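Visitor: Sharing a sequence plus its predicted fold:
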Amino acid sequence: MGGLACALFLYGASGLVAPWWAVVVLLLVWVGFLVTACVWWTPHPKRLPVLAVVAIAFWFVALLGGSILFDWS
């Protein structure tokens, strides 16, 4: 859960390089990661660090892809 909290700062700071609508989409995706983490909290606690890494990797790929495809600066 701490890793997802760290990822939230990355997702929130995306407004510096991405348009507002992309930040809204990214934050909705982050909420999906949070819901998944809450569901997995008790039955699969060892998956949570992997989920945090996936969330950060998704953020990186989304911003890189937006920068390449849509010329975000």
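Guide: Thanks, I have the structure now.
Visitor: going forward, measure contacts between C-alpha atoms and count neighbours the same way
Guide: Noted.
Visitor: Give me the spatial nearest neighbour of Pro49, chain neighbours excluded.
Guide: Ranked by CA to CA, 6 or more residues apart in numbering and with sequence neighbours excluded, the top spatial neighbour of Pro49 is Gly3, at 6.7 Å.
Visitor: my read: the one you found touches Arg47, true?
Guide: No. Between Gly3 and Arg47 there is no contact under CA atoms under 8 Å: 11.7 Å.
Visitor: Neighbour count: these two, which is higher?
Guide: Neighbours were counted for Gly3 and for Arg47 using other CA atoms under 10 Å; Gly3 has more, 15 against 12.
Visitor: Can you read off the pLDDT for the more buried one?
Guide: pLDDT for Gly3: 94.
Visitor: Please save the CA atoms from the one helix or strand it maps to in PDB.
Guide: Taking DSSP states H and E as the criterion, Gly3 maps to helix 2-12. Written as PDB, here are the backbone C-alpha positions of helix 2-12 (Å, rounded to 0.1, in the frame of the first residue of the first chain):
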ATOM      1  CA  GLY A   2       2.900   2.300   0.600                       C
ATOM      2  CA  GLY A   3       4.100   1.800  -2.900                       C
ATOM      3  CA  LEU A   4       0.700   2.800  -4.200                       C
ATOM      4  CA  ALA A   5       0.900   5.900  -2.100                       C
ATOM      5  CA  CYS A   6       4.200   6.800  -3.700                       C
ATOM      6  CA  ALA A   7       2.700   6.100  -7.100                       C
ATOM      7  CA  LEU A   8      -0.200   8.500  -6.300                       C
ATOM      8  CA  PHE A   9       2.300  11.400  -6.200                       C
ATOM      9  CA  LEU A  10       3.600  10.500  -9.600                       C
ATOM     10  CA  TYR A  11       0.100  10.200 -11.000                       C
ATOM     11  CA  GLY A  12      -0.900  13.600  -9.500                       C
END
